[in-house]
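[1] From the sequence below, what's the structure:
(chains A, B and C)
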Amino acid sequence: MGMFRLEGQDRVHAGRLAVIWVILSVIGIVAALQIHYPPYDNSVQGADQSKTMALMTVLAVPIFIGVVLMLVYSAIFFRRRGLELVDGPPMLGNTPVQVAWIGISAVVVLFLAVVGITTLASSSAAQAVGAAGRAIGQSGETGSSTAGGQGPELQVQVVAQQWYFTYRYADYGGVETTHLYLPLNRPVELHVTSLDIIHSFWAYQLGVKADANPGVDNVFHVTPDKLGGFQVRCAELCGIWHGHMADSDGRVVSQSDFDAWIAQQQKDEADIQKALPSYAPYYFPEPLTKGS
Amino acid sequence: MVTAEHVSERRLSIPNNPITGVLLAIPAYFAGLWLGTLFGLNDDANTGIILGYTFATVAFLIGVGFLNYPLERLFGWRVSPISDPEENRGIGRFFRLSLDHKVIGMQYLVTILIMLLFGGIGAMLIRSSLLSPDSSITPPGQYIMLIGLHSVMMIFITSAVIVGPFGNYLVPLMIGARRMAFPRLEALSFWLVPPAAVILAAAAFWGGFPTGWTGYPPLSEQAGQGMDSYIVGFALIGLALIVSGINMLATIITLRAPGMTWTRLPIFVWGIFTTSILGMLAAPVLAVALVQLAMDRTVQTSFFLSANGGSNYLWQNLFWFFGHPEVYIFILPAFGIIMEIVPHFARKPLWGYRTGVVGLFGVALLSWFVWQHHLFVSGIAPVLRPFYMLSTELISIPTGIIFLVTLGTLWRARVWFTVPMLFCMGFLFNFLIGGISGVYLSDVPTDVTLHGSYFSMAHFHYTIMGGEIFALMAACYYWLPKMTGKMLSATIGRVHFWWMFIAFNSTFFPLFIAGILNMPRRVSSYDPALQGLNTWVTISAYFLFGSMILFAGNVIYSLFFSARPALANPWHARSLEWQLPTPVPAYNFERVPMIVGGPYDYGVPNARPVADLGGLVGVTGGG
Amino acid sequence: MLGRLAFVAGSVVAVIVATVALVGLFMLQRPGTLEGPSTSIHLETVAAVGAAIEWPRPNDPHLDWVSYLPTTILRVPANSTINVQIDQEDGATGLRNPFWGKVFGTDGGNMHVKYFDDKGNPQEGDMTSIDPTLAAHTFAVPDLGVFVPLLGISDNAPAGSANIITFSFKTKGPGVYRWQCFVPCAAGTVFGNGGPMQTLGYMAGELIVS
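    Below is the predicted model:
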């Protein structure tokens, strides 16, 4: 029944399909490479994501084109002619084709996984594989320098609450601000936490998204390498003002501008600064449970 | 009516129907409410509402008649004729408790299509609010309430929309059985759905719930009384999944006709089989999580409050341990439908049948090992992420097999492009996009940007709406002639397909772009730069809704106005269900048939007809 | 038969339109607004709607909810200075994030407060921040950078009295801006942020700039 060999007709169709597929795929891949993928390259980590997205699209294009081509080709060449109902050739399967298909998809998948894992394992990764990611009830586990030591990485805490993000700069006496300013080209260690429910800190242009959980210090690394503004949004449903929990006044500024800005913040907020709790990886405010 | 000779055969004298059920449910609700406030530890009435909903559901089921059989057996009364499809005829049987799997299938279909209308209206209201980039059309509180009601209603629907109507109706016909293994469980799985839908809708009375379908605490513990609807409604659907899973598995394993070997099983039955395994094993996890949430909300435990020693990660893990198999509960029966329908219209055997079955099982198995990809940015230990990234990407291998099998079946076929076949092609196109976009979300570096954005929202609408609902449409056009005895209009059907296909892609494809361009899910207010895109999507969504109305119109027109009775086998298909006369007789087969051939042996030289049906042969097709 | 078809089609469409209208009207409900845009806003905060002095709402479904009165849907003109007076009648709850004890974004960076000290003596003065534990509510329009903490009324203040807070701020272009309170004042809900904090007309509001 022709189960294990290609017949003449198979070769004709396969040959035609292969030629069209290669041509369309090349065009598709070239087109896909023209796109500059978000989140662009405003930070080292964002550039990684942008590159990964380009790679995925390059791999996806031939797969997409291949399957759609088969569907269209079948609709044109494998449709019934005339009114008579005719049975097709009784092909029950073809082991080499099946093995090849599964083999190729396995190779593509494993290649993607290897690329992904390599990106994760690299030293510039947003959340490196080996890093302790968060601490629940374990202070100091994340390697954050809470005492204001000038480490190589700028320590910034993102404090989420219903419905606003504020920021505390551990290296500057824990000063709290309403907008996020970051110096250019300096690695930043973001410590994302929440005072109430779950939020998600999404600085789109920087390629950062990290959930803010109460009692948890979620660490995320970012190195901005372009001057300019960025948007901050909440990406986890957090109640009535979730859609409004956004701020478009984030800024990446030069080191000198940053120093001037943070000094101004410290001066302006001297009065409230005294009332703030000392800087900690996370805060455990009373949850005020039901009925209390 | 009680005469001397009937005294020993006493029966419950209340009429069993949904109206009795509702009449019993209302006082039961208030009894639960009263009891809850008696013992409740907080003044929000949450305890009372949860007890009220539970009592009301039990009372409704008693009113419908689920207590009769146990009582009759317990006291030795005569068993009501409800258990006998032969005696239970007429249009009224669709409105009562019935143990006939064909009636239950129809009940499921109509109920779920009505729910789909309400879920769709919710979607239209959501899209209408997004015409404005600030929340000036719908106030933000009502917006997140709409999000919650739309999402959970749709989850209820999609959990059951194929297994319920088509699984219940067709599995016995396809395996040559005269009934289901556990008809009462089957009926229960249906009669839990209307209370779940009503309880969910009741959330609107309490101001809805703000969490979407994921119900993440602590937000869900902060939420008002609408959240109790989510808990009880979802638990009822979970229960329906469990009982229907057990029933399907028992039926498929034990009631196959002689000669219906595992390799002759129609592939749709394999789709139901794998789905049932997932439903039976995943839903208990959901039930556990819901009970914990209910206890946190009522008796002040703190499973999910980190300040008191709990962890909100516990919910996220339990929920997604259920939730990821759940999305395969949606799609596996759809795979089954596509692989079932394509060979009949390609007029070729299913290409690589065994590989296809392996693909279904591969998806079902891997679905248990991927749930933490929903937590990639949540602050889980980073060392876990490579594993979940790999396991998630591995799912594309068995999913690819489904494409291989269908494309192989189309290869050099003589495709008869009927309306169901068009929907199968549409499914393959949409699910391809849905599947490829899923790979973007499975990879941690890209997921950082795409997680929780409109990209993931577009992704799962491509798989569920573009996948499962397109498969549902294929199934309706393909099997409704057998189920109703009327052909659906093919002309309207073609218009419906193209309209729906174009409107669907025009609605959801731009949302991938919105997601990549910084639009988070579930927001009532978004970047004004994206208003043009959103307006386009909203207008397309209205067209998409219009296509569903056209479908409803086609069903109503074809069933009640066009006198076009369906032949017993209008598609000249080989499989067993089409060999039966239309309408299918009570108990399906006069005697259990002897299966002698495969369902897809088109063009196979000397292929035998699929079964020896005894005296009850309909039209044999193919071969 | 055509008539029957038209009847069924008509009734299906009618049912759908009616459902959409009903659900839609329910979904579009907003609490009432004050008439016309105004550059001066006068509000009252109360611990419970039922205890309102200036603007009673006897038919309110949540008489025990904390609230701003008379409404939280405010209409103001664009690009102008808005003068706000808030009669603060509710006691202190304390801020979850003490940072919001500072005044941000008002003209002059401060507010004028007539209040009662902890002995119940009337006091008056300009302030740029308050003790975070003494905050009862805040008036915050985050998108305009306006955050004003409202001092809770002292336990020893005469019955029926209020702290009077006045300040002014500038609006930007037209749009719907949210305003909210940052004090977890919704007693009995987890983190104090449920119920009235998430319901328009109570502790959540919209500043409609036109």
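[2] list the contacts for the closest residue to chain C within the stretch 201-350 of chain B?
    For the stretch 201-350 of chain B and chain C, the shortest gap (Cβ to the nearest Cβ) falls at residue B:222, measuring 4.1 Å. Yep, even glycine has a C-beta here, placed from its N, CA and C like the rest. Counting by Cβ atoms under 8 Å, 6 or more residues apart in numbering or on different chains, residue B:222 touches A:196, A:197, A:239, C:189, C:190, C:191, C:193, C:194.
[3] Out of the residues you listed, which are close to chain B?
    Among the contacts of residue B:222, the residues that sit close to chain B (Cβ under 8 Å from any Cβ of the partner chain) are A:196, A:197, A:239, C:189, C:190, C:191, C:193, C:194.
[4] Could you find the closest non-adjacent residue to residue A:253?
    Nearest residue to residue A:253, sequence neighbours excluded (Cβ to Cβ, 6 or more residues apart in numbering or on different chains): residue A:181, at 5.8 Å.
[5] again with residue C:184
    Using Cβ to Cβ, 6+ apart and skipping the chain neighbours, the partner closest in space to residue C:184 is residue C:192 (2.6 Å).
[6] Residue C:96 is in contact with that neighbour, correct?
    Yes. Between residue C:192 and residue C:96 there is a contact under Cβ atoms under 8 Å: 7.4 Å.
[7] who touches both of the two?
    Residues touching both residue C:192 and residue C:96 by Cβ under 8 Å, 6+ apart: C:183, C:184.
[8] Between the two, which is the more surrounded one?
    residue C:192 (27 against 22; other Cβ atoms under 10 Å in any protein chain shown).
[9] Now for the more buried one: which residues touch it?
    Residue C:192 neighbours (Cβ under 8 Å, 6+ apart): A:288, C:93, C:96, C:183, C:184, C:185, C:186.
[10] same thing with residue A:52?
    Shown in contact with residue A:52 (Cβ under 8 Å, 6+ apart): A:115, A:116, A:119, B:443, B:445, B:446.
[11] Got the domain ranges for the chain?
    Using chain A. Under automatic domain parsing, the residue ranges defining each domain of chain A are A:8-77+A:101-121, A:154-273.
[12] That was the other one, I meant chain C.
    For chain C, automatic domain parsing gives the domain ranges C:1-30, C:33-209.
[13] Got phi/psi on residue A:199?
    The phi/psi pair for residue A:199 (degrees, to the nearest 10) reads phi -120, psi 180.
[14] My read is that it contacts residue A:212, right?
    Yes. Residue A:199 is within contact range of residue A:212, at 4.3 Å (criterion: Cβ under 8 Å).
[15] Could you name every residue contacting both of those two?
    Shared contacts of residue A:199 and residue A:212, defined by Cβ under 8 Å, 6+ apart, comprise A:160, A:236.
[16] since we're on residue C:36, how many residues are nearby?
    Each residue near residue C:36 was counted by other Cβ under 10 Å, and the total is 8.
[17] How about the secondary structure of it?
    Using DSSP: H, G, I helix; E, B strand; the rest coil, the structure places residue C:36 in coil.
[18] what does the stretch 151-292 of chain A have sitting close to chain B?
    A:192, A:196-198, A:200, A:202, A:204, A:207-211, A:213-216, A:218, A:231, A:233-244, A:246, A:284-287, A:289-291.
[19] So how do I select the buried members of those in PyMOL?
    Here is the PyMOL selection string for the buried members of these, based on 16 or more other Cβ atoms under 10 Å in any protein chain shown:
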select buried, chain A and resi 192+196+197+198+200+202+204+207+208+209+210+211+213+214+215+216+218+231+233+234+235+236+237+238+239+240+241+242+243+244+246+285+287+289+290
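[20] out of the residues of the stretch 151-292 of chain A next to chain B, which are inside strands?
    The members of those that map onto strands under DSSP state E are A:192, A:200, A:202, A:208, A:209, A:210, A:211, A:218, A:231, A:233, A:234, A:246.
[21] just checking, the fourth one touches residue A:190?
    Yep, that's residue A:208 we're talking about. Yes. Counting by Cβ under 8 Å, residue A:208 touches residue A:190, with 6.7 Å between them.
[22] For the chain, which segments are assigned as strands?
    With no chain named, the answer covers chain A. A:154-161, A:164-169, A:175-177, A:181-183, A:188-194, A:199-203, A:208-212, A:218-222, A:228-234, A:246-253.
[23] that's the other chain; I wanted chain B
    With DSSP E, the ranges of strands along chain B come out as B:594-595, B:611-612.
[24] The ones next to chain B among the contacts of residue B:222 into a markdown table, with extra columns for pLDDT and distance to residue B:413?
    Listed next are those as a markdown table, based on pLDDT from 0 to 100; distance: Cβ to Cβ, whole Å:
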| residue | pLDDT | distance to residue B:413 |
| --- | --- | --- |
| A:196 | 90 | 59 |
| A:197 | 91 | 54 |
| A:239 | 91 | 54 |
| C:189 | 84 | 61 |
| C:190 | 85 | 59 |
| C:191 | 87 | 61 |
| C:193 | 89 | 60 |
| C:194 | 87 | 59 |
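[25] What is the nearest of the residues you listed to residue C:111?
    residue C:193 (23.8 Å; Cβ to Cβ).
[26] Next, the contact list for the closest one, please.
    Here residue C:193 is in contact with A:162, A:196, A:197, A:239, B:222, C:184, C:186 (criterion: Cβ under 8 Å, 6+ apart).
[27] distance of the third one from chain C?
    Residue A:197 sits 7 Å away from chain C when distances are taken as Cβ to the nearest Cβ, to the nearest Å.
[28] Residue A:163 is in contact with that residue, correct?
    No. Applying Cβ under 8 Å, one finds residue A:197 not in contact with residue A:163, separated by 10.1 Å.
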